[in-house]
Structures are given as C-alpha cells and as structure tokens.
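*Asks:* sequence and predicted structure are below.
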Number of protein chains: 4
Amino acid sequence: MIGGGQGAFIGAVHRHAAALDGLYELVAGAFSSNPETSKASGQLLGLAADRVYGSYEELIAREKALPETERVQVLSIVTPNHLHFAPAKLALENGFHVILDKPMTFSLAEAKELQAVAAASNGHFCLTHTYTGYPMVKEARQLVASGELGTIRKAYVEYPQGWLSNFEEGSSDNKQAAWRTDPARSGVAGAMGDIGTHAFNLLEYVTGLSVTQLCADINTVVPGRKLDDDGAVLLRLAGGASGVLVATQVAAGEENNVRLRVYGDKGGLEWQQVDANTLQVKWLDRPTEIRRAGTGYVSSYARHNTRTPAGHPEGYLEAFANLYRNFALSLQAELGGKSASAEALDYPSIEEGVRGMAFIENVIASGRSDQKWTEFTV
Amino acid sequence: MIGGGQGAFIGAVHRHAAALDGLYELVAGAFSSNPETSKASGQLLGLAADRVYGSYEELIAREKALPETERVQVLSIVTPNHLHFAPAKLALENGFHVILDKPMTFSLAEAKELQAVAAASNGHFCLTHTYTGYPMVKEARQLVASGELGTIRKAYVEYPQGWLSNFEEGSSDNKQAAWRTDPARSGVAGAMGDIGTHAFNLLEYVTGLSVTQLCADINTVVPGRKLDDDGAVLLRLAGGASGVLVATQVAAGEENNVRLRVYGDKGGLEWQQVDANTLQVKWLDRPTEIRRAGTGYVSSYARHNTRTPAGHPEGYLEAFANLYRNFALSLQAELGGKSASAEALDYPSIEEGVRGMAFIENVIASGRSDQKWTEFTV
Amino acid sequence: MIGGGQGAFIGAVHRHAAALDGLYELVAGAFSSNPETSKASGQLLGLAADRVYGSYEELIAREKALPETERVQVLSIVTPNHLHFAPAKLALENGFHVILDKPMTFSLAEAKELQAVAAASNGHFCLTHTYTGYPMVKEARQLVASGELGTIRKAYVEYPQGWLSNFEEGSSDNKQAAWRTDPARSGVAGAMGDIGTHAFNLLEYVTGLSVTQLCADINTVVPGRKLDDDGAVLLRLAGGASGVLVATQVAAGEENNVRLRVYGDKGGLEWQQVDANTLQVKWLDRPTEIRRAGTGYVSSYARHNTRTPAGHPEGYLEAFANLYRNFALSLQAELGGKSASAEALDYPSIEEGVRGMAFIENVIASGRSDQKWTEFTV
Amino acid sequence: MIGGGQGAFIGAVHRHAAALDGLYELVAGAFSSNPETSKASGQLLGLAADRVYGSYEELIAREKALPETERVQVLSIVTPNHLHFAPAKLALENGFHVILDKPMTFSLAEAKELQAVAAASNGHFCLTHTYTGYPMVKEARQLVASGELGTIRKAYVEYPQGWLSNFEEGSSDNKQAAWRTDPARSGVAGAMGDIGTHAFNLLEYVTGLSVTQLCADINTVVPGRKLDDDGAVLLRLAGGASGVLVATQVAAGEENNVRLRVYGDKGGLEWQQVDANTLQVKWLDRPTEIRRAGTGYVSSYARHNTRTPAGHPEGYLEAFANLYRNFALSLQAELGGKSASAEALDYPSIEEGVRGMAFIENVIASGRSDQKWTEFTV
C-alpha cells in the first residue's frame, strides 16, 4: 500500500476491502511521504519493519529485488490525486499490478500517459469506482443490457453531500477537506473530481452509453474556497439519450446520497446508495418491482458480488471489497492459466479512469464557457 | 363552471375540490363548446336546466342578468389552455370572481393582458397550482421564510411522469394526450407548460426567490410528437442561489412524482408528493426531522390547510380543495367587511400566473438557443 | 346528521366524506343533545333553521312528517358510542337509511337487537369502518380472494397510536379523550373499541377469514385511566390460519399507524395507512410488487374506489367518502330499480358491526381470563 | 475454527467478520466431522496442512501442545446446535477463548453447565447475536438507558422470514433447512431457536428489561415439519412493561426482516435491519428524528461500532465483525494489562446465551400449555 497512513480515511477503507475475503495479505507499505509516519503506521498495522518503506520509490525498488514468490504482487495506491500518477506509473513499469483510487490522476494528460504505460506493461490495473461494485448496480447494468427497458432515453444521476457547507478547509484538523479543496493536490476540480467522477462513471457504467456533449453550471458556493463545491450538468449521450448529473458538497444535511435513475421506452430503474440492496424496476403498465440483492432471481453478476442471503444488508465496504475480490479472482485465473469469468473481469478499468479525467476537464471547461454545449473530448 | 364536461379529467377534480368543504355550490355551467354536451353534463351533475348554458358568453350574460343574490359568484374555468383567456377576461370584466386552471393562458401576452383586466376589475382571481395547497408545502415555505435553513443556496425541483412514453395522441380515445400535445390548444410548450410550470411555481413559492436566468435542454423524445415532452433546466435565482428543474413525460413507470429539495447554509428540506404529509428537514449536525401534517408543532399555515389528525393522510384533492377553500374564505371575509387571514390569502395569484407564462416562453426560447444563459424576462 | 356539533372531530369528517362526491346534501340535523348547541351548529353549517332539531327523536318525527320527496333519506349518526343504538333503531324503524360510526353500539346485546331491527325494516345500513374504504385495501381483499397468495396462513394487524400516552382525560379541553376513556360513554372497552375494532374488521375483511379463538393481553397503562389503552391479541382464524392483533394508544410518537400483513403459502401482502395508495405484494421467488392506486392494472374494486390518476395521492377523507359513495350508489340503484354493482355494494354491513361488538366483548373477557384461548362467540 | 466447512453458510460469515478488521488470522481448523472434508476445506482456505484437524478434540489437544505464542488463541465454533456444547466446554477448559454461534447450546441444562465451566476457566466467551452488533442498535440501547424515552411501557420485536414456506427439508440439497428442522440437531425448537432467540436477545438488550412471563402460540405450519416454524408470544417485562415477539419462517416473501419498536412514556424508537443505519426516534410532541450511523451526534457506542462516514451503508457483515472486533479489543486490552473500554466490552455474553436457551425452553413449554401465562424461569 502506498499512502493511507494514520489519519487517512480512504486507506482504511481499502484495507477493510482487501481483508474481507481473505484474498489479499498486507505485507508492505509506504504509508506516508514522512518516513517516520510511514514507519509508525506500518507498525500499527503489524507489518514487518523491513517491509515498511519511506517512499514509494524505495518500496518498488526493494520489493522488486525480492524473490518473485516473496514480493508484493498488487500495489494499492491511496494517496491524494497529485500523487497518483508517479507511483502508479513506476509500479506498472516494474510489473506490479495496481489498484488506484479515483480520480485516476491529476490531469487528463497524465491519465492518457498512464494508459499507455499500462498497455505496454504486464501489470493489471483497477480503479476504485466503488459504486459499480454494488450488486444491484451490477443488476442495473445487466437489466439495461438485456434490452428489457427498451431504448434508453433519459438518465439522471446525482451525488449530493453536505459536509463542505462550511469553510472546513479553514480548520487545521480536517485533512480530508484540506486536500480536496486544494488545487495543488486535487487538480482542476473539487466536487466534480471527488464525487462528480463517481456519478459520471456510474451513469456510463449502467447505461452503457457514452456522454457526447455537456453543458455545465459549476459553482464555488462557499466563500474563500479555491475549487468548485457544486455543479449541475446537462448531458447528451450516444444514441440520442439525454440526462442530468448533479454533484454538490453544499447540500446541507445530505450524507452520500448517490442516486441513479434510467428510463427507456419500456421501463425505468432507480438505485440509491441509502437503500443499496434494492433496485426498483418500473414499468409502463405493470407494478414496480423491488429487486433485492441475495435473492435467487437476480443476474449472475449481482449474485457473484453478494456474500449474504437476501435481507442481510451488504454495504459500502462490501461494494469496495467486490472490486478487490474481482481483481484478485482475475489475477488468480491468469496465474492459473485460465480465463477469468466475465463476472470477475467486471471491475473498473484504466479506460474508465481516462474517461473520468476527461469528464473533469470537459466539465470544468464547460462551466467556464458561455457556449451552451461542449463536446466531450478525450 | 366553464368546461369540465363529460370525459374531462380536471373538471371533476375541481368539482370534488369545491365540494369538499361545503363552501361552494355548483349552480350553473357551460360545460362544453357543444351545447348538447354541455346540457347532458349539467343534467348529470343535477343542475337546473335553465342554468346550463351553451357557451361561456351566454353563461356570463345570463347570470349577470340575475339578481345579485341569485347569480353565480365564482366562475371556475377548466378548459384547455387556448380557452382560458377569453372567458376569464369576460368574467372579470363582468365582476365575477375567477378560479382558473394552469397554465394561465395560451401566451405570455394574454397573461399580461389578463393581469391588467383583473387589476381594473372588482373580480378576484385564483390560479390552481395544486401543489402549493399541500400543508407540508406551506410548512416548507414558512421554514425557508423563518431563516432557520440559513441563506438558500440550492433548489432542485423535478416532475417526472411516464404517461406520454408512447405516442398516445395517436389514439382516438386519449383526449388528455390529444390536447396537451397539440400546439393549437396547448400553446408553445407541452411538458414545460403542463408540468414544468407546476415545478417552477413550487420552487419559487417555497424558496421565495425568483428565477433570473435559465439554460434549458428541451426535447421532443417521442417521434411524431409536436411539442416538447421532456426537459431539464439549469436555474439561477435572485440572491445568488442556483438550481435545477426537471420535467419529463417520458420517464416510463413514473406517476406524478413531484419532488422539491432546497438547501440553505444551515439545513435543507425535501418534499415529495408521494409522501405528501411529510416534510423532511435536514440539518448540518443533527438528525433529520420528519415533520408531519396534522401535528401540533407545525406552522399556522400548515395547520390551517389540514382537516384531519396526524396519521390520517390527506392528498391531492385536499390540496386542491385548499385553494378553493382559501379563495372562498378570502371572499367571505371581504363580503363581511373583514380582512382575511394571511393563511387564507395564501393562494396562487395572477402574478404567479404571469410568471408561469413567462417561464414557458423563456424556457422554450432557451431550449432553442445556442446561448448558454437566457435572462428570465416577463 | 345526528351528533357532530361544534368541537366534534368525527362529525366534520363525515360531512367532508358526504360532500366530496356531490351525492349527499346536508339538509337537517340534531347536532347536540343541547338544543342551543344544535341550533348554533346548524346555523354555522348553513342549514335552514326549521330543519335543525333539538333531539334525534324530534328530527325523526318531524322529518317523517315531511313529504317523501322533501324529507331526509339517510341519517348519519356520529355520536359517542352510548348514543348509537337508540337513534339508529328509531331511524331504521321509521324507514330511514342509516350511516353509523363504529363501534356499532354500546354492547353486543344492543348490536344484535339492532341487527334484528334492521332486518325487519326497509332501511339500509352502513357502518363507517374507514380503512376498508381505501382502494388498496379493496385490492388486498381481491388479491386474497383470487387465490394468488395461496392458502392464508398468517395475518398480522396493528394499530398503534400515541395520543393517550398521558392522562389526557384529566384535561378539561380534550373532549375526544374524555368520552373515549369513559365507560359510561364508550362501553366496556377503550382502545379495543376505538381502534381494536378497526384492526379486527380490517383483518377479517381482507383475509375473508373469521376469528374463531383469541388470547388477549389487555392493559390499562396510564394511571387513573378507567378503560384499556393497550392490548395485544393472539388470534386463530377459520381454516387453520393464525395471527396477531395489536392496538395501543400509548405508543408515544405514533400517529394512526394502521398496518396489515397477510401471508399465504405462495405470497404475502402488506398495507399501511401511512402509504395508503400502495399495496406491497411479496412472492416466494420473485420480486416484490408495488401495486399502486389509480393505475390501469388494479382490480375493478380498487378502480371503482379511486378518483385521481396514479401518483396523485388519495387519503383518509377519500376512503371515508368511498363508504358514503358506495352506500349512495347502492341506494340510487335500488331506487332506480336496478341492481347495484358488486363494487358499490362492498361497504361495511351490520353483520360486520355485530362481529365488531363481539370482538370487543370477547377480547375484554379474554383479557380478564386466566384461560389461554377464548372461543369467539357472537 | 470448528465447523464451517464447504457448503456451510454461517462459517463463511464468521470468516468474513473475523477478517474485516485484520485483528484475527485464521491459522487452524477442524472444519467438519468428516476428516476428508475438513482437510479439503482447510486447503481451500489456505491453511497449513498440519493445522487442519479431523476433529475438535484433536484440534484442541494439538494446539494446546504448541508453544503459547504459536497456538490458536480464540476458537470460533460454528457447528449446528447439537455440536456447540462439547467443543465449547473442552476449549474453555483448556484455556482457549471461545466465540460461539447462537443458540448457545442444545438445551438449557447444557447452557448452565457451560456457564459454570466458563466461570471456572480463564477463557473468555462471546456469543454471536449479530443484531446487537449494529451501531444503531447500540444507539437504541443507549437511548433507552439515558432515560430520554421515559419509563418503557411497550416493546415489539419481530423476525419474519419466508424461506421455510415450503417443505425445504425434503430436498436433498438444502443443508440449512435440513439441520434447522431436525430435533436431533437443532434442539427442542425450530424457528424459536433459530430466529426467536435473536428477537428475544435484541429486545432484552435494547430495553435493558428482562422478560418475566410469556404466553406463546407456537405452530408447525408446514405439513411434515418436525419443529415449530412459526410463533407469536405475549411478553411481560420486569417493571411492568409488556410486549409482543413474533418469529416466523413461513411469511412468504419476507427476507430477514428483523424489526424492533420500543415505547416509553415520553417517546419511542424503531429499528429495522432493512434500513440498519437508521434509528427512528419518535416523540410525543415534536418531529420524529432520523438518527444515522456515522454522524457526529451519535453515542460513543454507535461511533465505536462504525467504520465509514454517514451515508456509506454498513451491513450485516460489519455488525458481525463488530462482535469479533470488540472481543479482540477486550482480549488485547487484557493481554496488555489494561481495562478494555466499556464500548469494547459490550458484546454478547454467556449470560445472554443462558437466557436465550431459557427463552427456548420456556416458549416451547408455553406453546404446549393451556395455561395463559408461563413464568420465565432460568
């Protein structure tokens, strides 16, 4: 693991996710750019002292020097955005597999370069777009793909949060707020990068349709903030569908209320993180169905990504763990000379990471433009 | 009543709404432009034959000729949009009070002319924007006005329906679809006029803020349809807030799923027609409150617009009836030489009707424009 | 109308319910045992002074003396329980039709006598068990009757309220609490009579099964109260099914949270007043269905009892109005020499009233008994 | 781990729960009474072959022979009920700590003997009553303990499932159904032991009140079944409160719909597994509160048992993991010579296990009795 030392939020999430299924063992880390912090974090996590490194360069160099059966196989990179590209590139170039937190890089240019590096390496790559790990999001994608909803016409996705309603970055103890609102660490976007990319990815993943044009209203609502904390985007999708994406961090009182609705000419679907194990399927002329995770009637993709019987809720950590698990199952299959199942291979790819970075740059450009529609370019 | 003959939908709703509180008696009508239909409808409704007229002109002329104590006092006009202006104008000019279905007229020009007529007459005017008759919408408005949510930053309103997912106007027996999708009867807008105006009115009513600029994506999704059946609109509001309005008639499987969310810097609110007796009030740092109609703690406005104890749900007809009831209470107070209460006077006015028509013309213009932001002009 | 003067709750509900569809006109009343109050109430309601009477005896005598076309046809009796029997009996004996609030009488003996009186008279009778007027309760009954759920095994019904959590009857201004907790006016039961009978009726109505045995835990929770304010009852039903009935008035924070669940060997159903326009239908091996009032796919019984399109909620007053409307449609059909439709005839009968009174006496007896199971006797 | 070989359900749940926080490492197991199955299971789980044993006796003997720093510290016993007592007793007698699945033993007599063994040993004990591991169940308990709800009057708990609606034990491939309906493996109770004990424990845990008397209706609904699959129980609690417990496995279409409601004289609470991260808190005279896991305002107990920020749902595995984590934290504290925090020590104890077994025996006895109330004896 690179990053994720004491006080980090997402590092712990990655560790829970990796641990849940017993398919990963945490054996080495460079947990902080501060060697002391890294060392202390590694100790707390029970690592051998000689596998805790002071930098990612050291980690990659020294692990590579170990015999193949002893060295780290997969590197999880959970640093802030500006520290994604360099370690991911070095890891891939040295043949390590990489699990990287989103958004993929600091800029689209980096993303495209990383894509090229990955293509030229033996390393595999997984981006942690958590929400597509939920079983009922898998079910939603399969439902659209099955054609049962007819031709897709509309897609609405929203991600309202309220935690940045105040100037949290002014407080010395809110590390999460500090880096996410800092252009030097977060990149060109704030809310659009942090949660807008999740919403964008969820919409493209479920509909199977690419955004082709967008028209964005991007705002910095809280005085003093350096990056956007709010936005709404009109979308045009391939094939003639259209949609709306909302992402805001100033919806006071909202938690992480991700919601997706998709409508075809025969029916629609609705999924919300707050009720993650349910997929509502709506029909023109018959009752809405409440499809539930863990039941016998869901698709193989939903079933594959579920651990408990219906009614025992699974949540965010399980969704996260599904990304880790599918990546591991795919690697194991490859190591064993077999093909991984389609279900195992269904984890977020580097291509999705590139599109996410393109979304960030296009949406911010549109927000600054007086032109109504901006072409979505990669 | 003018319009609302056999087969009409909204005429029956108006009659239920008028009847509920025993404050109106239906005594006369011109229920159809076809005198035979009008007569038959009047008979079914138990009216005296000599009070059923063949046209609105006849109704107004003959009722005015009756002694003041015998003649109709209030005229409900429930015709399609293209037949709103003329009878409303004639009624006001002749001193009748008018209750008019929305959108107010066929065009903004008509709306402004009607406003001038009303100002010059003794007649009072009420527009039936149903959703603002719900007690918990009243509560929402009072909550914003109280300042408890802080400065309003964001407002999201949506009205998804699915009933026009197919080319219903192609069927000879769908009168509702036929006139609503016909530019000659509906006006320049379809979905934006029929339901977009409701959403717009609800947002301005609750926030107390005027829309100042908008950027619209307006679509005709169903092939062959002559008017818009779908749209999404970015909004800028007076005072710096912003928002999104969605209205669509092609969200397959949706009923009349009106939903409003408003966020200030201290908290937010959420209301949905599907759970009309509940107002969710969200806070930055304490639990969400579920405020309920019929309880002891709600505002005088919510209480005034409720008939049953908490837990016995009130619905759409009661909300509609609240408009009728408040209009009647206001007229009664005036007749009695008293001032009506602020609660009774809180019904949709002709000014709201003019803004609704301005919304229609502005939003359609924006939809056709390559310019990003369109000024909201009246 | 008999009873329902100023300050009464249920009288106003009856008047709204009668008015909603324009099928009744309120023309006469004895609104209070106090002639002055009766007179004042009648005046407020806009009645002619000579049709406002000082007692029900006077009303019945004087109305009967009017020509048949002028006199009252239906009498609504909305007095406290101890004043149900005498006016209902006198009305039926004099050929008036009767709509009576529940529970039907003060005692089972009275109920059986009234049943005999009704059988011997030309008067028709309707008991206002409101909850069976909801369209989705009708749908539930039809669903069970269709056999789609298989053989019914379990039924759970509950009616929790919180409004009697304190000693409200100690306050001089809570008339509702005062008579409902007074054995002289309410009868042998408090909560079991007031809301337990509703729950019992709802369960028998939907399942189509009679309670055959019961085992009750009946409590008076609030110190000083003279009647039960809480109870839970184990039920055995005809055909081998079993169930649980809960009715309490001390569930602090609950409104009128009526809920019914019924399970057969193939599926189950759930209905709640708080979401009255929805019926959940659950299946062993496929997704739960959300059936909604106002849609095209519901049964003729649900459709008949709905006034608005799907998504425009109907509530308690509409459910109440359905009882009035069905009674009126049945009487109109008879007057017209036709048979009323099965849908119109589906309103609560005097037999249901007798069973309700039997429930009260049996459940209180069981509550006092050390014997586990009490036979349900009528 | 003892039990939990291939095909077992709860064994996998225990392994996920143990793994989630990285506080346990699975190093040894006797996964089946069939040594071959045990061996194969151990291999799949990646254990060293010499730590996979053919029986629990072998496991305990051989592990005890290892140096203290190498041997297993905690034994998870996840066998069917009839195989709980012997391995748990042997483990405790040999100084191993024990995590045991519920219900604790095959009979109350065994439970009391195990309690005595534990008291005399150095081993610590944790029973996996999962539902009390949910953060908002912790919150509920703290809320009652705080006195904010006033004196508790009513408690309703229910656990409806539908999975045994058919004669599943007749199918050769339903191992879960087979042993749970078999008196030789499950004990004297079916549904009451499998899920009734969960409901009972949840009620006593949250209210802090002991059941003192009960009156049960216990049924075997499905023909051919050997144990109860359905029951409803009237409860009397210490201090004068009363309640109802429902547990059924024949509610067709229900998943694992655990729900608890508790009412005091000032307010009430409601929790449901289907919305596990929410606790509804209801008040007599102010809005219901929606308290949410992961927020800043919840009690230290809820916070301690949460891993993710509000809005990222945690579920069943996290609740289960909380038991494992708290047990580990308590043992670590003791090993480190410190006192564990009150939050860490709050996991289900052997006393709760004994009460659970007493519930089973009392409720089955009451179900068979003609006497109304049965004293709850331990």
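*Replies:* Cool, got the structure. Residues are numbered from 1 along each chain as shown, chains lettered A, B, ... in the order given.
*Asks:* list the contacts for the residue of the stretch 1-150 of chain A at minimum distance from chain D?
*Replies:* Nearest residue of the stretch 1-150 of chain A to chain D: A:Ala19, at 4.9 Å (Cβ to the nearest Cβ). Bear in mind the C-beta positions are built from the backbone N, C-alpha and C, glycine included. Taking Cβ atoms under 8 Å, 6 or more residues apart in numbering or on different chains, we find A:Ala19 in contact with A:Leu26, D:Ala19, D:Leu20, D:Asp21, D:Gly22.
*Asks:* is any part of the helix or strand bottoming out on mean pLDDT in chain A close to chain B?
*Replies:* Using mean pLDDT, DSSP states H and E, the weakest-scoring helix or strand in chain A turns out to be helix A:175-180, at a mean of 90. No - with Cβ under 8 Å from any Cβ of the partner chain as the measure, helix A:175-180 is seen stopping short of chain B, the closest distance being 13.9 Å.
*Asks:* quick check: next helix or strand after that helix?
*Replies:* Sequence order places helix A:183-186 as the next helix or strand after helix A:175-180, per DSSP states H and E.
*Asks:* just how off-centre is that next one within its chain?
*Replies:* 18 Å (Cα atoms, centre = their mean, to the nearest Å).
*Asks:* equivalent analysis for stretch A:100-113, please.
*Replies:* Distance, centroid of stretch A:100-113 to centroid of chain: 12 Å (Cα atoms, centre = their mean).
*Asks:* next: stretch A:208-221.
*Replies:* 18 Å.
*Asks:* can you give me the mean pLDDT across it?
*Replies:* For stretch A:208-221, mean pLDDT rounds to 98.
*Asks:* one more: stretch A:47-67?
*Replies:* Averaging pLDDT residue by residue across stretch A:47-67 gives 96.
*Asks:* what residues does chain A have near chain D?
*Replies:* A:9, A:12-13, A:15-16, A:19-22, A:26, A:45-46, A:161, A:163, A:254-257, A:273-277, A:292, A:294-295, A:307-318.
*Asks:* any idea how far A:Asp275 is from chain B?
*Replies:* 15 Å (Cβ to the nearest Cβ, to the nearest Å).
*Asks:* check which helix or strand the residue of the stretch 101-250 of chain A found nearest chain C maps to.
*Replies:* Going by Cβ to the nearest Cβ, chain C is nearest to A:Glu139 of the stretch 101-250 of chain A, at 10.7 Å. Element membership for A:Glu139 (DSSP H and E) is helix A:135-146.
*Asks:* okay, the contacts of A:Ala19 in CSV with secondary structure next?
*Replies:* Output for the contacts of A:Ala19, formatted as CSV (DSSP: H, G, I helix; E, B strand; the rest coil):
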residue, secondary structure
A:Leu26, coil
D:Ala19, helix
D:Leu20, coil
D:Asp21, coil
D:Gly22, coil
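*Asks:* on that earlier part again, pull out the buried members of the residues of chain A next to chain D.
*Replies:* A:12-13, A:15-16, A:19-22, A:26, A:45, A:161, A:163, A:254-257, A:273-277, A:292, A:294-295, A:307-318 (16 or more other Cβ atoms under 10 Å in any protein chain shown).
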